[in-house]
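1. Have a look; sequence and predicted model below, questions after that.
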2 protein chains.
Amino acid sequence: MANTPLHRQNLIESAVTLFRTQGFAGTGLSEILKKSGAPKGSLYHYFPKGKEELAAEALKVAGRVVEKTLLELATKHKQPEKLVKTYCQMLGQWMEASNFRSGCPITTTVLETVPQSETISKVSLAIFDSWKAVIANALIESGMTKAEAKKKADFTITAIGGALIQSRVQQSTLPLDNTASQLKLLFTS
Amino acid sequence: MANTPLHRQNLIESAVTLFRTQGFAGTGLSEILKKSGAPKGSLYHYFPKGKEELAAEALKVAGRVVEKTLLELATKHKQPEKLVKTYCQMLGQWMEASNFRSGCPITTTVLETVPQSETISKVSLAIFDSWKAVIANALIESGMTKAEAKKKADFTITAIGGALIQSRVQQSTLPLDNTASQLKLLFTS
DNA sequence: GACGATATAGACCAATTGGTTTATTATCAA
DNA sequence: TTGATAATAAACCAATTGGTCTATATCGTC
């Protein structure tokens, strides 16, 4: 009906949400199909290699959304600690809105499939790298050396990833706030 | 057959390893049964509520092992940064030995089941709290205020959890080393 | 209108899922 | 030795899993 790759889009979006919430193995194709409204024929038309290919594509899309968000925040905020704080606040709102179910869209799938699946391993590595690059750039522009910026940027993505897990477990945004505070100390000391 | 709860023990240990590596939903009961050598009858004898109960017990056991390790390290090292560094090194060796498959024994299952499963939610919350308490104590004994120590301790567990994910994705122990370094800065600045 | 490609529909598949049930066998205290 | 309890064995279950296949629409284009 109408717009051609609509089902493809819906499949990906549904996959992002479901994998993020319940994991890769914990989400059946039937559930993705039902949520997306796409027929099974379409799934295997757009993703001939099946579930794993859909997952890889879902991770890519979700990763790009995050990267774009970070880039926008980097333009808006000159100080890296401000960028991080704002992003953590956004994540907190997002967590609350999902009843603390929607954490990092990459991590859940990663922990089930990396390094067993080479495809997903490569994709997720590239995604995290893209996020780290944005933070590193912001730190460099604020006067940090390249080597130092890389370390702090890597650690920032690491810590935020951890904070999303704690936020889920504690059903609270406090871990995200605390993470922003601690990272600020590391940027400005 | 001899020693009575041997099958129970084996079931738990197998569950810890498999859930940690492939997740809760990604691990079938058949696989746990095969790895442990226990018969199916025993599984439902020891864990009448099935997979979820086994998972909860597996998390508890794994959590206690970590807590015990942290307590030992806390006795050995007076400076908290030394404790953290040593623990991160241990984790790095552990990751390497498992080909970067065995990260945090709690996180993978948590991301698939919390907060959907109330049982696992409560258990995992208590486990993380026990770890944080050990770190907080070490920080207090090194002269930090109680409030400050709590924040830094929470962040330590948060960051290490994130580092284990990055270590898995990067197939490297560098994220763990970097995390130890950054945390040291936070403890001593 | 006809063509070839894109897309959809859904029946069908073997294999596996977590779980139940019933019968049997060890174990050990009285 | 008996009797109760703990433990094991395995047949059995409905439901779901990811995936395949073939037939049919639907499409833009010549």
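-> Perfect, thanks for sending it. In this text, all values refer to a predicted model and were calculated from it rather than measured experimentally.

2. name the element the residue in chain A that DNA strand C sits nearest to belongs to?
-> Nearest to DNA strand C, among the residues of chain A, is residue A:41, at 2.4 Å (Cβ to the nearest atom of the strand). C-beta: built from backbone N, CA, C; applies to glycine. Residue A:41 is part of helix A:40-46 when elements are defined by DSSP states H and E.

3. Now the element after that helix, going C-ward?
-> On the C-terminal side of helix A:40-46, the nearest following helix or strand under DSSP H and E is helix A:51-76.

4. on contacts alone, who are the packing partners of that following helix?
-> Applying 3 or more Cβ pairs under 8 Å, 6 or more residues apart in numbering or on different chains; DSSP states H and E, one finds that helix A:51-76 contacts helix A:6-22, helix A:80-97, helix A:107-113, helix A:118-141.

5. Does at least one residue of that helix sit close to DNA strand D?
-> Yes - on the criterion Cβ under 7 Å from any atom of the strand, helix A:51-76 is in touch with DNA strand D at A:51, A:52.

6. for that helix, which positions count as buried?
-> By neighbour count with 16 or more other Cβ atoms under 10 Å in any protein chain shown, helix A:51-76 contains the buried residues A:51, A:53-60, A:62-63, A:66-67, A:69-71, A:73-74.

7. Can you give me the neighbour number for the closest residue to chain B within chain A?
-> Of all residues in chain A, residue A:162 sits closest to chain B, at 2.9 Å by Cβ to the nearest Cβ. Around residue A:162 there are 29 other residues, counting by other Cβ atoms under 10 Å in any protein chain shown.

8. Same check on residue A:103?
-> With neighbours defined by other Cβ under 10 Å, the count for residue A:103 comes to 25.

9. contacting residues around it?
-> By Cβ atoms under 8 Å, 6 or more residues apart in numbering or on different chains, the contact list for residue A:103 reads A:20, A:95, A:164, A:165, A:167, A:168, B:111.

10. residue contacts, residue A:133?
-> Taking Cβ under 8 Å, 6+ apart as the definition of contact, the neighbours of residue A:133 are residue A:153.

11. about what we covered before: let me see the contact set for the residue of chain A closest to DNA strand C.
-> When contacts are counted by Cβ under 8 Å, 6+ apart, residue A:41 touches no other residue.

12. State the distance from it to residue A:47.
-> According to Cβ to Cβ, to the nearest Å, residue A:41 and residue A:47 sit 12 Å apart.

13. Quick check, residue A:77 in contact with residue A:71.
-> No - with contact defined as Cβ atoms under 8 Å, residue A:77 and residue A:71 do not form a contacting pair (11.5 Å).

14. So what touches whichever strand or helix holds residue A:177?
-> Secondary-structure assignment from DSSP H and E places residue A:177 in helix A:174-188. Residues lying outside helix A:174-188 but in contact with it, judged by Cβ under 8 Å, 6+ apart, are A:79-81, A:84-85, A:88-89, A:91-92, A:95, A:139, A:142, A:152, A:155-156, A:159-160, A:162-164, A:166-167, B:151-152, B:154-155, B:158, B:182, B:185-186, B:189.
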